[in-house]
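Asks: one predicted model, sequence on top.
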Amino acid sequence: AQSVTQLGSHVSVSEGALVLLRCNYSSSVPPYLFWYVQYPNQGLQLLLKYTSAATLVKGINGFEAEFKKSETSFHLTKPSAHMSDAAEYFCAVSPALDDKIIFGKGTRLHILP
Amino acid sequence: EAGVTQFPSHSVIEKGQTVTLRCDPISGHDNLYWYRRVMGKEIKFLLHFVKESKQDESGMPNNRFLAERTGGTYSTLKVQPAELEDSGVYFCASSQWTGKGGELFFGEGSRLTVL
């Protein structure tokens, strides 16, 4: 069975600092991995996805994530945080041959001025 | 192009009452999903329609929940009778194809509060 673990339900970074949100997955088959973001009072929006084409995936708003099979990780990073990045971020996995998405518990990102 | 729309955005009902949530997917999307997030917990899959057929309903909590998608367009999720533990945010999502890595487009969610 597939699962996702997000380390830290809340992460605070200063504006301009590096953003690092951690995600580890468990999968018996090569997974498809996603990061979604939910801004206040909005729905979930896809930030980026890994579909085995390249291990470093670039997404919207300057975010990127690297798939590391040896570490079963898919951490999300952004070099310089912006106030508008404050939101809740969800890591998710989709089993091969099935598009049902399994979500982690989410990490709320706070940006300090 | 309109996104996935959900109605109502917030519903407050008493235990034992009935609530019906509606989801209008993006036009042309055959796949429609329902997810639920109970406060403080992860977003959990409820079920998946392909057109009007239930492809996977393994996440439905119990028989108090009934989902329909007549005609393969909009979908409704009825909770009858509602219990306190049903409180949470119900998300609907749609996508254009099944298979690997297809992008799901989510609505803003319907927040259900059962008192």
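Replies: Yep, that arrived. Residues are numbered from 1 along each chain as shown, chains lettered A, B, ... in the order given.

Asks: which residues sit against the least confident helix or strand in chain B by mean pLDDT?
Replies: Averaged element by element with mean pLDDT, DSSP states H and E, chain B has its least confident helix or strand at strand B:105-106 (a mean of 89). Contacts made with strand B:105-106 from outside it, assessed by C-beta atoms under 8 Å, 6 or more residues apart in numbering or on different chains, are listed as A:36, A:43-45, B:3-4, B:26, B:29, B:91-95. All C-beta atoms are positioned from the backbone trio N, CA, C, and that covers glycine.

Asks: CSV for these, including distance to B:Glu14?
Replies: Listed next are those as CSV, based on distance: C-beta to C-beta, whole Å:
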residue, distance to B:Glu14
A:Tyr36, 33
A:Gly43, 27
A:Leu44, 29
A:Gln45, 34
B:Gly3, 32
B:Val4, 28
B:Ile26, 34
B:His29, 34
B:Phe91, 23
B:Cys92, 24
B:Ala93, 29
B:Ser94, 31
B:Ser95, 35
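
Asks: what subset of these is buried?
Replies: Applying a neighbour-count criterion of 16 or more other C-beta atoms under 10 Å in any protein chain shown, the buried members of the contacts of strand B:105-106 are A:36, A:43-44, B:4, B:26, B:29, B:91-95.

Asks: B:Gly71 - that's part of a helix, no?
Replies: Yes. Using DSSP: H, G, I helix; E, B strand; the rest coil, the assignment for B:Gly71 is a helix.

Asks: run a quick check on it versus B:Phe49, I expect a contact.
Replies: No. B:Gly71 is not in contact with B:Phe49 according to C-beta atoms under 8 Å; the separation is 11.2 Å.

Asks: of those two, who's got more company?
Replies: Neighbours per residue (other C-beta atoms under 10 Å in any protein chain shown) separate B:Gly71 from B:Phe49, with B:Phe49 holding more: 23 against 8.

Asks: what residue ranges in the chain score low on pLDDT?
Replies: Picked chain A for this. Scanning chain A for pLDDT under 70 picks out the ranges A:96-99.

Asks: that's the wrong chain, I meant chain B
Replies: Regions of chain B meeting the criterion pLDDT under 70 cover residues B:1, B:98-102.

Asks: I'd like the next helix or strand past the least confident helix or strand of chain B.
Replies: Proceeding N to C from strand B:105-106, the next assigned helix or strand is strand B:110-114, under DSSP states H and E.

Asks: before we move on, the earlier item: what is the nearest of the contacts of strand B:105-106 to A:Val57?
Replies: Nearest to A:Val57 out of the contacts of strand B:105-106 is A:Tyr36 (C-beta to C-beta; 13.5 Å).

Asks: which of the helices or strands spans that closest one?
Replies: Secondary structure assignment for A:Tyr36, by DSSP H and E: strand A:32-38.

Asks: how about A:Val57?
Replies: Taking DSSP H and E as the definition, one finds A:Val57 inside strand A:56-58.

Asks: which elements pack onto that strand?
Replies: Judged by 3 or more C-beta pairs under 8 Å, 6 or more residues apart in numbering or on different chains; DSSP states H and E, strand A:56-58 is in contact with strand A:44-50, strand A:64-68.

Asks: just give the nearest non-adjacent residue to the residue positioned nearest the centre of chain A, would you?
Replies: Within chain A, one residue has its C-alpha closest to the average C-alpha position: by C-alpha atoms, centre = their mean, that is A:Trp35, at 3.5 Å. Beyond its immediate neighbours in the sequence, the residue positioned closest to A:Trp35 (C-beta to C-beta, 6 or more residues apart in numbering or on different chains) is A:Leu47, lying 4.3 Å away.

Asks: what kind of secondary structure is the residue positioned nearest the centre of chain B in?
Replies: Taking C-alpha atoms, centre = their mean as the criterion, B:Trp34 is the residue nearest the geometric centre of chain B, at 3.2 Å. Three states are possible here, and by three-state DSSP the one that applies to B:Trp34 is strand.
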